[in-house]
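>>> Can you look at this prediction? I've put the sequence above it.
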There are 2 protein chains.
Amino acid sequence: MKPPTPKSYGVPLILLLFSIYSNSGAPYNIPRLTLHGSIPQYLESISPSSSPVSLHDFETYFYEQTLDHFNYGPPSYATFKQKYAINTKYWGGANSSSPIFAHLGAESPLDHDFLRVGFPVDHAPFFNALVVYVEHRYYGESVPFGSMEEALKNETTRGFFNSAQAIADYAEVLLYVKERFSSPNSPVIVFGGSYGGMLAAAAWFRLKYPHIAIGALASSAPVLYFDNITPQDGYYWIVTKDFLATSASCYRTIKDSWDIVDNIASQPGGLSILSQRFKTCSHLNSGVELKNFLVSMYASHAQYNHPPDYPLTVLCEAIDRAGSQTDIIGQIFAGVESAFGKNSSCYDVNYFHRPTETNEGWGWQRCSEMVMPIGRTVEAHMFQPAPFNLTEFTQYCKLVYGVPPRPHWITTYYGGHDIKLTLQKFASNIIFSNGRKDPYSSGGVLEDLSDSLLAISTAHGCHGLDLYPANQSTDPEWLVMQRKMEVRIIEGWIKTYYADLSSIN
Amino acid sequence: MKPPTPKSYGVPLILLLFSIYSNSGAPYNIPRLTLHGSIPQYLESISPSSSPVSLHDFETYFYEQTLDHFNYGPPSYATFKQKYAINTKYWGGANSSSPIFAHLGAESPLDHDFLRVGFPVDHAPFFNALVVYVEHRYYGESVPFGSMEEALKNETTRGFFNSAQAIADYAEVLLYVKERFSSPNSPVIVFGGSYGGMLAAAAWFRLKYPHIAIGALASSAPVLYFDNITPQDGYYWIVTKDFLATSASCYRTIKDSWDIVDNIASQPGGLSILSQRFKTCSHLNSGVELKNFLVSMYASHAQYNHPPDYPLTVLCEAIDRAGSQTDIIGQIFAGVESAFGKNSSCYDVNYFHRPTETNEGWGWQRCSEMVMPIGRTVEAHMFQPAPFNLTEFTQYCKLVYGVPPRPHWITTYYGGHDIKLTLQKFASNIIFSNGRKDPYSSGGVLEDLSDSLLAISTAHGCHGLDLYPANQSTDPEWLVMQRKMEVRIIEGWIKTYYADLSSIN
């Protein structure tokens, strides 16, 4: 089935721009790469309480950042304020050459990262590390042109919003921090998850700025999900496998539900029936609207299926449990209730497309350079097929943003094809970590590329899990072990660096 | 002595822009990095006749190039035509996986390179290589906005003219060439001399695009002449040493001449006397004007002191020979005659600043990112001191181009500080070749950084000499050996690559 033409194509561009998610709905239901943002509340249940990450341990600063690093015309001399936060609690002090752990923000405000990214802080005491969190341009408080609305307003203001500019920002900030803390010989290790993992490490920051970061931990970075390196159905194939492994009956119920939804939707009054049965906050415009909502819900449950709650398990339990009392539609609705809370007066089918900062920012990024051709084919057999179609995607992006995407740019600038051949004798000190339950792991580096470009994957991990704050009472043994292994590797990098430093100086 | 304030500061900006070299004259008499451009005719005497490099073996094409790779606003969708030339004479053919030798142009039109860059073509038969020469944006026929005049017209049009954009151009062109020649597995080796050497290889193209080029020969690339990594007087210190080694009396004559010029210039009618004695085409405005001309002449003779003629030797012979017949001024003038030809009716003291494409383009580049702090201190004892002063340089650039230079950007983007520490366990397959007689070798990589980041330097080589077309009848043995060594290393890279390719596939 070809993705339907979005209804919103008739809407004037200026309106479209700020409603891309809510109006465009169906056609490019690509899961966002994010650790936060629009995760259902249900999935927010991880408690960071046992972690030492605390906002109070950070001081927040703003760096006067260059708007355009690669153009020396007038705009390049414009600047904006980029937020970064520093934790000196465990720092070995100026001139100690203690390491600097830098978490490079991704597609969400930095404030979220204090709750969600614990690894650098959790391990700072062991390393006497200075910890720096830097916010990604165009998110949170690091937005040029005064506001996100202004920044995304038109083709000119959006133009500076891309990954090459973002990692150049990080380069400037980190050099500045080293200078400010009088620590020219401190080794910098960068961390990042998901899109941030790509920036932080995997193919990107470490590869492009090896003189600034001596190593990188790139968690759940789908660096190979570009330019058809990874089959388009990798993502939904893993979602399918996750559900099947959790509960065959849950999988079967979901698989059977799509035709039933189509069937009801196609009948007179059918959309009213579906609206009622799913208690939608607004009347459904189409069956596709509902189905897209459900696809996103399943995808996010697979992507964020973390301990101790394992939302995917909980979801499937609800669906399965309801099987004794209701029909398939009722079972699916029981899943929605389980995910979004039983006591809601209604459920918002545009939940995953609501105009959050992350959704709006990432909407632009995926339509410009982050062109991940994620689609659903017969391999993703829990779903109805919805293959990725570059031509339609291009039309869509041109209409919404006025410019076509650059589907080959990421592989041109960062590489990706033949990654082992390319990097096994070039580059070093990158950990590509992945949880195999994470649908995005299908585009991750899952095998070592060399002795120091290491893939660490866990059978049960989900998206970006190793970077979460440690929770001693609930973290499973395999997660504790994974983090220990990562710490051991980073320790090795730092030791080697100190040895090299003293042998050279 | 502080560099004098340029007289031209009173000239309106718009006029200045097109006369930066001819008007600004004195204050920033930084030697250009070029193999060609405004070399005195005398220095052009290398005969490429014995080389197989022939324009006729190349087909010229134009690639529709992205104007701004790093900004997705409207300008980025503008394109310009980028010239490249291909020699298929020795090519192993599509799907043969034969190598591709890519010469990446520097700050001059590509057509010059056919005469001056022979290495890739000379060795193509041995490797069955496809040879590609690509022109640098804003030079030759690869100029956006219709003409060099338009392209350099204002801050907006100049903005796209920088090294990061240029190497992204090369990335696109080379990927396109691989596709066009159906040679996905062909290893690409990049070559470049001087500024082109930096782009091609040394710190830059190979470092930033390891997935596109498996190795690089960076000839005479002063990658360390930024951000005070190299002492500012490195360049003129080598010029001094070159003259001293060639002829102590010549060195002494030049050293003594500056005060004499100052003395005459300061007397009533002194400038007329100097104008007459040096047969200047226009009346001298100052003694500095003459002195800068002479400094540039000496510098270029040191930089391009190539076999078989060794212009520096010839120059010094002329100066020394005249010693028996004339005073010091007469001796210096004998040097000018020797360099520019005895029969000229007059000599143009603005020769080195005349508005050639290279001078105009490089003028912008050095005032934006290519900020090499080259100055003369007491170390450069053949000259009067003229230290580099960043504050004045910044004022000058702001006045001429409307924007301040970015003196730290090159080291931020490409690195340079602690290069061995940074790269010894990162990166591979780069040859940094230098001739120690080349003043720019003071900013070059002169020691191996690792087993595959190799420094090859020759005691007698000058700027970019190894890339010149081979001349079997006149090339000295050490030059022949140097090239053989480079070929051997490149051969090793390619063999390893093929072995890796077959072990992976």
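All right, it came through fine. Residues are numbered from 1 along each chain as shown, chains lettered A, B, ... in the order given.
>>> Show me what from the stretch 401-505 of chain A comes close to chain B.
Counting by CB under 8 Å from any CB of the partner chain, the stretch 401-505 of chain A comes close to chain B at A:402-404, A:406, A:408-409, A:411-429, A:452, A:496-497, A:500-501, A:504. Just so you know, the C-beta spots here come from the backbone N, C-alpha and C atoms, and that holds for glycine as well.
>>> Now, of those residues, which are buried?
Among those, those classed as buried by 16 or more other CB atoms under 10 Å in any protein chain shown are A:403-404, A:406, A:409, A:411-416, A:418-419, A:421-429, A:452, A:496-497, A:500.
>>> give me every residue that touches the closest residue to chain B within the stretch 1-150 of chain A.
As assessed by CB to the nearest CB, chain B sits closest to A:Gly73 within the stretch 1-150 of chain A, at 2.4 Å. Contact analysis of A:Gly73 by CB atoms under 8 Å, 6 or more residues apart in numbering or on different chains lists B:155-160, B:403.
>>> okay, these in CSV with secondary structure next?
Below are those laid out as CSV (DSSP: H, G, I helix; E, B strand; the rest coil):
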residue, secondary structure
B:Glu155, helix
B:Thr156, helix
B:Thr157, helix
B:Arg158, helix
B:Gly159, coil
B:Phe160, coil
B:Val403, coil
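>>> Now, of the residues you listed, which are buried?
For the contacts of A:Gly73, buried by 16+ other CB under 10 Å: B:157-160, B:403.
>>> contacts with chain A among the residues you listed, please.
B:157-160, B:403.
>>> I'd like these laid out as JSON lines, including pLDDT.
Shown next, in JSON lines, are these (pLDDT from 0 to 100):
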{"residue": "B:Thr157", "pLDDT": "92"}
{"residue": "B:Arg158", "pLDDT": "93"}
{"residue": "B:Gly159", "pLDDT": "93"}
{"residue": "B:Phe160", "pLDDT": "94"}
{"residue": "B:Val403", "pLDDT": "87"}
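>>> Tell me the one among those residues nearest to B:Glu317.
Using CB to CB, B:Arg158 comes nearest to B:Glu317 of those, at 43.1 Å.
>>> Quick one: the strands in the stretch 151-300 of chain A, in order.
A:188-193, A:215-219 (DSSP state E, counting those that start in this stretch).
>>> of all these, which lies closest to chain B?
Here strand A:215-219 is closest among those (CB to the nearest CB), at 9.9 Å.
>>> now that closest one and strand A:188-193, what's the angle there?
Strand A:215-219 and strand A:188-193 are oriented at 10 degrees to each other (axes from the mean of the first three to the mean of the last three CA atoms, to 10 degrees).
>>> give me every residue that touches A:Ser457.
Taking CB under 8 Å, 6+ apart, we find A:Ser457 in contact with A:433-436, A:441, A:444, A:446.
>>> where does the stretch 1-150 of chain A dip in pLDDT?
For the stretch 1-150 of chain A, applying pLDDT under 70 flags the ranges A:1-55, A:75-76.
>>> which bits of the stretch 101-250 of chain A sit near chain B?
Within the stretch 101-250 of chain A, the positions adjacent to chain B are A:155-162, A:164-165, A:168, A:171-172, A:175, A:207-212 by CB under 8 Å from any CB.
>>> Among these, which lie within helices?
A:155-158, A:164-165, A:168, A:171-172, A:175, A:207-208 (DSSP state H).
>>> Need the max-distance pair from those residues.
Greatest spatial distance among those (CB to CB): A:Glu155 and A:Leu175, at 30.9 Å.
>>> Nearest to chain A among the contacts of A:Gly73?
B:Gly159 (2.4 Å).
>>> how about the nearest residue to the closest one, chain neighbours excluded?
The spatially closest residue to B:Gly159, leaving aside those adjacent along the chain, is A:Gly73, at 2.4 Å (CB to CB, 6 or more residues apart in numbering or on different chains).
>>> same question, A:Ala470
Among residues not flanking A:Ala470 along the chain, A:Asp122 sits closest, at 4.9 Å (CB to CB, 6+ apart).
>>> for A:Lys81, same thing?
A:Phe62 (4.1 Å).
>>> how close does A:Met198 sit to A:Leu217?
Per CB to CB, to the nearest Å, A:Met198 is found 12 Å from A:Leu217.
>>> any shared contact partners between the two?
By CB under 8 Å, 6+ apart, A:Met198 and A:Leu217 have these common neighbours: A:Gly192.
>>> So A:Glu369 sits against A:Thr411, correct?
No - A:Glu369 lies out of contact with A:Thr411 (CB atoms under 8 Å); the separation is 10.4 Å.
>>> Straight-line length of stretch A:110-128, end to end?
The stretch stretch A:110-128 measures 23 Å between its terminal residues, going by CA to CA, to the nearest Å.
>>> cool, and stretch A:98-112?
27 Å.
>>> Not counting sequence-adjacent ones, nearest residue to A:Tyr225?
A:Gly443 (2.8 Å).
>>> All the helices of the stretch 401-505 of chain A, in order from the start?
Counting by DSSP state H, counting those that start in this stretch, residue ranges of the helices within the stretch 401-505 of chain A are A:409-414, A:419-423, A:477-504.
>>> ditto for the stretch 51-200 of chain A
Under DSSP H, counting those that start in this stretch, the stretch 51-200 of chain A gives helices at A:110-116, A:119-122, A:124-127, A:148-151, A:155-158, A:163-180, A:195-200.
>>> Please work out which of the ones you listed is packed deepest.
Stretch with highest mean neighbour count among the helices of the stretch 51-200 of chain A: helix A:195-200 (a mean of 31; mean count of other CB atoms under 10 Å in any protein chain shown).
>>> Which residue, other than its chain neighbours, is closest to the residue of the stretch 301-450 of chain A found nearest chain B?
Using CB to the nearest CB, the single residue of the stretch 301-450 of chain A nearest to chain B is A:Gly415, 3.0 Å away. Leaving aside its chain neighbours, A:Gly415 sits nearest to B:His211 (3.0 Å; criterion: CB to CB, 6+ apart).
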